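> What follows is a protein structure lacking sequence information:
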């Protein structure tokens, strides 16, 4: 009888563990975005960068890139970081 009780406790423990892992792997409904929203966000960023480059608006460009951005100008060494990109 003790063996069956121990077996039941182990099985219940494993079930609880599995449910917890599955819940942790599921995207949260309030934090999840759709593929369409992600694509729209990338498109908005690309349009803003293109506009900044076309208009020569370095401040707008700096607002669209991260501090550790890497710019790859043709036939030149990579520019790393906002200060290097701004000076280009």
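Looks like it came in fine. Treat the numbers as computed from the prediction; the structure is a model and nothing was measured.
> residue ranges for the strands of the protein, please.
Listed in chain order, the strands of the chain (DSSP state E) span 70-71, 79-80.
> Of all the ones you listed, which one comes closest to residue 56?
strand 70-71 (15.4 Å; CB to CB). Every C-beta, even on glycine, is put in place using the N, C-alpha and C of the backbone.
> Can you list the strands that that closest one pairs with?
strand 79-80 (antiparallel) (DSSP bridges).
> Please dump the strands of the chain into CSV; it should also carry distance to residue 35 and mean pLDDT for every row.
Output for the strands of the chain, formatted as CSV (distance: least, CB to CB, whole Å; pLDDT from 0 to 100):
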stretch, distance to residue 35, mean pLDDT
strand 70-71, 26, 96
strand 79-80, 31, 96
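> Poorly predicted segments of the chain, please.
Low-confidence segments of the chain (pLDDT under 70): 1-31.
> where exactly do the helices run in it?
For the chain, applying DSSP state H gives helices covering 2-25, 35-55, 58-64, 82-87.
> For my notes, please list the strands of the chain in CSV and give mean neighbour count and distance to residue 44 for each entry.
Output for the strands of the chain, formatted as CSV (neighbours: other CB atoms under 10 Å; distance: least, CB to CB, whole Å):
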stretch, mean neighbour count, distance to residue 44
strand 70-71, 14, 20
strand 79-80, 14, 24
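> These into JSON lines, with extra columns for distance to residue 43?
As requested, the strands of the chain are arranged in JSON lines below (distance: least, CB to CB, whole Å):
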{"stretch": "strand 70-71", "distance to residue 43": "20"}
{"stretch": "strand 79-80", "distance to residue 43": "24"}
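> what's stretch 49-65 in contact with?
By CB atoms under 8 Å, 6 or more residues apart in numbering, the surrounding residues in contact with stretch 49-65 are 45, 48, 82, 85, 86.
> No more questions from me, cheers.
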